[in-house]
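Participant: generate a structure from the sequence data that follows.
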Amino acid sequence: MSDTSTAAPPKPSPVVTPDMAPFWAAARRHELVVQRCTACGSLRFPARELCRQCLGREAVWQPVSGRGKVFSFVVMHRANHPAFAAEVPYTVALVELEEGVRLAAQLTDIPPQKVTIGMPVEVWWDPVAAEVVVPRFRPRQP
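Facilitator: Alright, predicted model coming up:
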């Protein structure tokens with residue numbers, strides 16, 4: 001019999017709302033997508049009902065490069081969920097993609113003390129469950 005008392009609980013999965021379902025479906029295909037307003041062409045993320053630029057309601061999901069830079073970041077020194085306790089400290093970055101939209105994601109493959117604003121990063125795909133693939137970012141090689 002194995003001792004399960006020391007096993008970490010499973011990590012929570014993202015909540016897939018109807019508005020964000022196309023984003024998570026694309027992530028399962030290892031494709032990063034954002035909304036593009038069909039009226040004015042502005043990109044937006046996360047999904048929302050109205051365009052901030054023209055108040056248009058119609059949008060389509062458009063692939064983006066997955067390349068960007070660290071706009072801001074925070075180093076988590078306390079786990080916000082018991083499943084992340086073994087990973088602290090870890091970095092959560094606000095990444096500004098080359099296309100101009102920003103999204104928050106975990107920044108990996110670099111010690112927190114080496115992260116800098118403006119650092120070039122790229123997306124990678126973390127299959128955290130059978131049907132859930134999460135975009136994360138790592139430093140981009142020149």
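Participant: which of the helices or strands spans the residue nearest the centre of the chain?
Facilitator: The chain has A105 as the residue nearest its centroid, 3.6 Å off, counting by C-alpha atoms, centre = their mean. Applying DSSP states H and E as the criterion places A105 in strand 102-107.
Participant: that strand: which residues count as buried?
Facilitator: Of all the residues in strand 102-107, those buried under the rule 16 or more other C-beta atoms under 10 Å are L103, A105, Q106, L107. Quick note: C-beta positions are derived from backbone N, CA and C, even for glycine.
Participant: stretch 84-104 too?
Facilitator: Those would be F84, Y90, T91, A93, L94, V95, E96, L97, E99, V101, L103, for stretch 84-104 by 16+ other C-beta under 10 Å.
Participant: if the last one is in a bridge, with which residues?
Facilitator: Partner residues in beta bridges with L103: V95, with DSSP bridges as the criterion.
Participant: which ones are touching it?
Facilitator: Residues near L103 by C-beta atoms under 8 Å, 6 or more residues apart in numbering: V34, F45, P46, L94, V95, L97, P135.
Participant: tell me the confidence at S2?
Facilitator: Looking at S2, its pLDDT is 48.
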